[in-house]
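Undergrad: Got a predicted model here, sequence first, then my questions.
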Amino acid sequence: MTTPVAITFDAPDLDGLGQRKGRIALICDGAAPATPAARRIDRQMRGGLARVLASDAWGKVKPGETLELAFPAGLAADALQLVRLPKKASAAEARKAGGAIGRALTEAPLLVLAEGHRSAAELSFGLAARAYDFTPHKSGEKKAPGAVTLAVTAPEAIAAEAAPLAALAEGIFFTRDLVNEPANILTTHDFAARLAAMHELGLNVEILEEDQLTRLGMGALLGVGQGSESPSKVVVMEWRGGGDEPPLALVGKGVVFDTGGISIKPAGGMEEMTMDMGGAGVVAGVMRTLALRKARANVVGLVGLVENMPDGRAQRPGDVVRTMKGDTVEVINTDAEGRLVLADVIWYAQDRFQPSGIIDLATLTGAIIVALGHEHTGVFSNDDAFCDSFLAAAKAEGEGAWRMPMGDAYDAKLKSRIADMMNIGGRDGGAITAAQFIRRFVKDGMPWIHLDIAGTALLKSDSTLAPKGATGWGVLALNRLIRDKYEVK
């Protein structure tokens with residue numbers, strides 16, 4: 001997997017700044033050199049830094065943004081990157097500043113002069129997160145980023161503060177790798193194998209094969225994958241760090257490729273359907289993070305891995321499938337397959353684990369993109385307190401999330417003439433009727449949240465903490481929710 005750039009925490013060595021090769025990033029604020037490192041650099045530049053900090057160009061730089069000086073006079077460095085970050089910066093501003101540094105990372109060594117800044121650990125996380133680059137399928141010489149040193153006045157304390165953030169970065173990178181991986185590589189076999197390898201981190205991982213799923217009665221999930229050469233699977237990942245408390249269950253849609261099945265999608269843009277396993281990818285990334293940071297919580301992650309392909313055995317519009325719950329579903333559109341996968345896995349999670357709550361994640365509907373664009377994930381829930389806790393966690397981590405309405409009136413659109421329900425309810429309110437469908441498989445009294453990440457799992461342009469492509473949205477928010485609400489204190 002892609003590993004985050006290694007960051008060394010060390011005490012500042014101001015005497016050698018003038019001779020330092022590579023790149024230097026200087027954390028500063030205001031219109032004059034205010035830190036020991038800034039004053040030393042200003043002397044090396046014969047007042048050049050002071051003139052830049054007093055200029056209109058620097059005055060237009062906002063917190064978290066940078067101004068770069070190439071080959072600064074008086075320094076041996078290739079570039080001096082000035083990073084505006086107030087002393088009382090928020091975590092979001094510190095991560096943004098780190099992201100700006102990470103975006104400009106090259107193969108040259110980098111020295112980040114943060115000294116006594118209280119947000120140095122958050123800065124390091126932003127740097128690591130934005131430095132992600134998915135390159136396993138690019139030929140030619142791959143240039144690894146140069147060594148990164150974060151110079152701070154209390155390196156051991158900052159390193160300790162940054163350790164759980166490093167676990168977060170690795171979890172996010174794991175999710176991004178899975179979502180970015182092409183479907184001829186990330187088959188259901190390969191996906192399951194990557195998850196099974198996490199037993200080395202302390203996770204208990206179990207893979208349920210098709211014969212087991214048949215005995216369990218998962219007809220909805222198996223129907224989705226019956227047209228593919230890749231067998232359908234359910235992978236269960238358990239992290240037991242919280243004593244005897246019932247676990248929180250995370251359930252992810254893992255459609256490794258979605259052609260739409262017999263209701264085939266248009267050719268344009270279909271290549272992006274390699275990301276239709278994004279929900280499962282986020283669940284995997286969260287579980288990896290929890291294991292790496294030894295979270296004091298009980299969490300179980302379950303993912304349904306299938307491929308939705310059209311062939312002579314594929315599910316047809318008009319077919320009726322029986323879910324593990326026992327309800328029957330008339331399949332009107334085979335491209336509304338994710339909810340069928342989630343229905344069976346959610347029911348299994350409740351039957352086996354009796355969780356304290358369930359959160360499912362899926363790149364489920366284009367309708368949520370129409371409603372919210374790519375800035376917010378759609379949030380649906382049957383429990384106000386549970387939902388509010390998640391929304392607070394997402395807000396604290398800067399991950400956009402917006403609660404959507406639900407209601408019995410939408411259920412009428414799912415009524416079937418020949419089965420207990422249809423799998424779609426028409427174009428209007430499509431994201432809501434999808435959530436209403438899933439809700440039917442949540443037992444009475446079970447707190448539940450459904451996250452439709454179709455618009456946030458993968459972006460066509462870069463963002464503050466991610467390059468173009470997979471974002472890893474959700475790992476931060478779910479980890480924060482677990483830390484704040486479920487960990488044993």
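TA: Structure's in. What do you need?
Undergrad: Wait, Ala104 touches Glu65, no?
TA: No: Ala104 is not in contact with Glu65 according to Cβ atoms under 8 Å; the separation is 11.8 Å. From N, CA and C alone the C-beta is placed, and that goes for glycine too.
Undergrad: Show me the shaky parts of the stretch 1-150 of the chain.
TA: The stretch 1-150 of the chain contains no residues with pLDDT under 70.
Undergrad: where exactly do the helices run in it?
TA: Counting by DSSP state H, counting those that start in this stretch, the stretch 1-150 of the chain has helices at residues 36-44, 48-53, 56-59, 91-103, 120-130.
Undergrad: Go through these and pick out the most buried.
TA: Neighbour counts (mean count of other Cβ atoms under 10 Å) averaged over each of the helices of the stretch 1-150 of the chain peak at helix 120-130, with a mean of 28.
Undergrad: Against which helices or strands is that one packed?
TA: Judged by 3 or more Cβ pairs under 8 Å, 6 or more residues apart in numbering; DSSP states H and E, the packing partners of helix 120-130 are strand 7-10, helix 91-103, strand 110-115, strand 148-152, helix 155-180.
Undergrad: angle of the last one against strand 148-152?
TA: Here helix 155-180 runs at an angle of 140 degrees relative to strand 148-152 (axes from the mean of the first three to the mean of the last three Cα atoms, to 10 degrees).
Undergrad: tilt between helix 155-180 and strand 110-115?
TA: Using the same axes, to 10 degrees, helix 155-180 lies at 130 degrees relative to strand 110-115.
Undergrad: ok, then the element right after helix 155-180?
TA: helix 188-196 (DSSP states H and E).
Undergrad: So which residues make contact with the helix or strand that comes right after that following helix?
TA: Next helix or strand after helix 188-196 toward the C-terminus (DSSP H and E): strand 204-208. Residues from elsewhere that reach strand 204-208, judged by Cβ atoms under 8 Å, 6 or more residues apart in numbering: 192, 195-196, 198-199, 216, 233-240.
Undergrad: Recalculate using a threshold of 10 Å.
TA: Outside strand 204-208, the residues that touch it by Cβ atoms under 10 Å, 6 or more residues apart in numbering are 188-189, 192-193, 195-199, 212, 215-216, 218, 232-240, 287, 300-302, 304-305, 345, 348.
Undergrad: tell me the mean pLDDT for stretch 176-196?
TA: Stretch 176-196 shows a mean pLDDT of 98 in the predicted model.
Undergrad: What of stretch 406-413?
TA: 95.
Undergrad: Please identify the buried residues of it?
TA: Applying a neighbour-count criterion of 16 or more other Cβ atoms under 10 Å, one finds Met406, Tyr410, Asp411, Lys413 buried in stretch 406-413.
Undergrad: Tell me which of those residues fall in strands.
TA: In strands, defined here by DSSP state E, there are no members of those.
Undergrad: Dump those into JSON lines; add distance to Val321 as well.
TA: Below are the buried residues of stretch 406-413 laid out as JSON lines (distance: Cβ to Cβ, whole Å):
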{"residue": "Met406", "distance to Val321": "24"}
{"residue": "Tyr410", "distance to Val321": "22"}
{"residue": "Asp411", "distance to Val321": "19"}
{"residue": "Lys413", "distance to Val321": "19"}
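Undergrad: what's the most distant pair in those residues?
TA: Met406 and Lys413 (12.6 Å; Cβ to Cβ).
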